[in-house]
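# Could you work out the structure for the sequence below:
(2 chains)
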Amino acid sequence: MNVFVLYLLLLKAVCTSFSGMASLPMVRNDFVVTRHILTDRQLNTAVVTGRTGPGPNGLYVVSVGYFVAGLPGAAAGLLALVTPAFLIIPMMRWVGDYAKIPRVRSAIRAVVLASAGLLIASSIPLAQDAVTGPLAVAIIIVSFLALTFTDVESWLVMIAAAALGVGVKLFS
Amino acid sequence: MAAPTLARLTGVFLRVGNTTFGGGPPIMAALQREFVEREKWLSQEDYALAFSLARVTPGTNVIAFCAATGAQILGIRGALAGAFTETVPSAALAVLMTQGYESWRTNPVVLAGVAATIAAVVGMMWSAVWWLVAPHWGGVHGSIRTVAITGGAFLALWKLGMSPLPIIGIAALAGLLWKEPAKQ
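The predicted model follows:
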């Protein structure tokens, strides 16, 4: 498949969704059902690899591009994923003009509080997956305390947790 | 605080965006800690504006969020740094993982490392909640407002299964109608 067409198809799927995985039905329709250039198994593998590594969930689009056209396809997938993000800049300028009005500021601060509630809700499925034993509980508590009450950098906490998990597995 | 250099901003996106497992919310939580609490390059209002607009931007929320925060800090250079630094290394890793999928997916040592990292991500997300809520806590009115909006958003997503977009819209409307106490 032509890489530019691949980019346009992936861009269409990404642009018509509002979260990382919401583009999946359209990708499946275009690549598996209509054009038969991807199998369901490949699509599932793309989704798993996209969700297992670090970074945004929408990265599965890069793996889809890779399956369809190799490394140029992966690059097309990456560009399709990133392109719509820049729409936020004009939106921010427009809204930002109103942000100094007290009632608008109050609304924005309410969104801060709502985002905290959304973060709690988003953390629950992760916590359910993560809590597999006392070690996981200890990691959750220690990382919370370290990141809340000390100045340690978050990536160091992530690396330390990964090293601990690997170490315990290797020596148990 | 003065704006950082492009290299410094890129370094933060690189570290946070590519070492944080669990998708968009953990990354946005980690960046809140870095940009608002540690470096003070953004105010809480800047963060909230980027967070809420990222939800209504087509595509992957967290990439729009990185473009927005990058733009707030360093303009278009920051936006490019945010969007691409957040995704390129993770995308390269995704391609490698796609190539080696069958061999690594059953490797218990790799899975143990990933599981431990996800546990740390949970702690990090709860820490971000703490930092987002703490400045609004205080006084009867402020505390009730904080609990009502935060708890309402949590319940709307967790118990009612609403999409985040209308939840943010309702919260913004609540904030317009229910003004925060003057001391804040």
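# following the lowest-mean-pLDDT helix or strand in chain B, which helix or strand shows up next?
Here the helix or strand of chain B ranked lowest by mean pLDDT, DSSP states H and E is helix B:101-104, holding a mean of 66. Downstream of helix B:101-104, the first helix or strand assigned by DSSP states H and E is helix B:108-133.
# wait, does that next one make contact with chain A?
Yes: contact between helix B:108-133 and chain A, assessed by Cβ under 8 Å from any Cβ of the partner chain, occurs at B:108-109, B:112-133. C-betas here are computed from N, CA, C, even on glycine.
# Give me the PyMOL select line for those, limited to the buried ones.
Buried residues within the residues of helix B:108-133 next to chain A, by 16 or more other Cβ atoms under 10 Å in any protein chain shown, are selected in PyMOL with:
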select buried, chain B and resi 112+113+114+115+116+117+118+119+120+121+122+123+124+125+126+127+128+129+130+131+132+133
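# what about B:L93, neighbour count?
Using other Cβ atoms under 10 Å in any protein chain shown, B:L93 has 18 other residues around it.
# and what of B:T69?
Neighbours of B:T69 under the rule other Cβ under 10 Å: 32.
# is it true that it touches B:G82?
Yes: if you go by Cβ atoms under 8 Å, B:T69 and B:G82 touch, sitting 6.0 Å apart.
# Who are the contact partners of B:F13?
B:L31, B:C66, B:G70, B:A81, B:G82, B:T85, B:E86 (Cβ atoms under 8 Å, 6 or more residues apart in numbering or on different chains).
# Compare those and tell me which has the most neighbours.
Neighbour max across the contacts of B:F13 (other Cβ under 10 Å) = B:C66, 33 neighbours.
# just checking, it touches B:G17?
Yes: assessed by Cβ under 8 Å, B:C66 is found in contact with B:G17 at 6.7 Å.
# Common neighbours of these two, please.
Residues touching both B:C66 and B:G17 (Cβ under 8 Å, 6+ apart) are B:I27, B:T85, B:E86.
# Could you dump the residues you listed into JSON lines and include secondary structure and pLDDT?
Output for these, formatted as JSON lines (DSSP: H, G, I helix; E, B strand; the rest coil; pLDDT from 0 to 100):
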{"residue": "B:I27", "secondary structure": "helix", "pLDDT": "84"}
{"residue": "B:T85", "secondary structure": "helix", "pLDDT": "90"}
{"residue": "B:E86", "secondary structure": "helix", "pLDDT": "85"}
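# May I see those residues arranged in TSV, with distance to chain A as well?
Listed next are the shared contacts of B:C66 and B:G17 as TSV, based on distance: Cβ to the nearest Cβ, whole Å:
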residue	distance to chain A
B:I27	7
B:T85	11
B:E86	7
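# Can you tell me which residue is spatially central in chain B?
In chain B, the residue lying closest to the centroid (Cα atoms, centre = their mean) is B:M28, at 1.2 Å.
# residue ranges with poor pLDDT in chain B?
By pLDDT under 70, the weakly predicted segments of chain B are B:1-2, B:22, B:101-105, B:183-184.
# rerun that using 50 as the cut-off
B:184 (pLDDT under 50).
# Where do the helices of it begin and end?
For chain B, the helices defined by DSSP state H cover B:6-19, B:24-32, B:44-56, B:61-99, B:101-104, B:108-133, B:140-158, B:164-177.
# most tightly surrounded among those?
helix B:24-32 (a mean of 27; mean count of other Cβ atoms under 10 Å in any protein chain shown).
# In terms of secondary structure, what does it contact?
Using 3 or more Cβ pairs under 8 Å, 6 or more residues apart in numbering or on different chains; DSSP states H and E, the elements in contact with helix B:24-32 are helix A:102-130, helix B:6-19, helix B:44-56, helix B:61-99, helix B:108-133.
# So what's the gap between stretch B:140-159 and the chain middle?
Stretch B:140-159 sits 19 Å away from the centroid of its parent chain (Cα atoms, centre = their mean, to the nearest Å).
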